[in-house]
Every structure is written in structure tokens, then in C-alpha cells.
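Enquirer: When you get a sec, could you give me coordinates for this:
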Amino acid sequence: MTDTLPGTGIDGPPLSYPDTTVAALVLAQAQRTPDAPAVRQGTTELTYAELVAAAWGVAAALRERGAGPETR
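Expert: Numbers count the residues shown, from 1 in each chain. This next block holds a predicted model:
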């Protein structure tokens, strides 16, 4: 389930990472802590719930414009 990332120029042991996607990790974190800060830029901050909602909105807009599997 895990592999290691080679450390180049970094001291310490190799890092493990799960066999999943970043999107799946964000969704799992959103389920655990929906009100926790997820991203911040300057004074703007989104919680995990807000981040997931925004991502779903972008995905819906892309689908409305014809985006999907095997499309550009």
C-alpha cells in the first residue's frame, strides 16, 4: 500500500505515501474535519468543506461545457 519517495539532497529517512490520489486524501480529510482550515492565501481561508464544495462547483461547470473522461 505504500512506497517511498527517494530523498535527493534531503537528510532523514525516505518518506512513505499512501496508494491513493490527492483528491481522495482531501475528501477523507474533509469528512474527518470539515470545519478545519484547508487552504489559505493571504487573508482568505477555506475550510475543507468549502474547498470540496468549490471543487464540486468547478467540476460541474466543466461537465456542463462537455468535459469528461477521454475529452479535452
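Enquirer: which residue ranges form the strands in this structure?
Expert: 2-5, 15-18, 37-41, 44-47 (DSSP state E).
Enquirer: In terms of secondary structure, what does the helix ranked longest in the chain contact?
Expert: Looking across the chain with DSSP state H, the single longest helix is helix 48-64. Contact here means 3 or more Cβ pairs under 8 Å, 6 or more residues apart in numbering; DSSP states H and E; on that basis helix 48-64 packs against helix 22-32, strand 37-41. The way it works is simple: take the backbone N, C-alpha and C, and place the C-beta from them, glycine included.
Enquirer: ok, back up a step: need the strands of the chain in CSV (columns: mean neighbour count and distance to Ala59).
Expert: Listed next are the strands of the chain as CSV, based on neighbours: other Cβ atoms under 10 Å; distance: least, Cβ to Cβ, whole Å:
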stretch, mean neighbour count, distance to Ala59
strand 2-5, 10, 28
strand 15-18, 11, 23
strand 37-41, 12, 17
strand 44-47, 12, 16
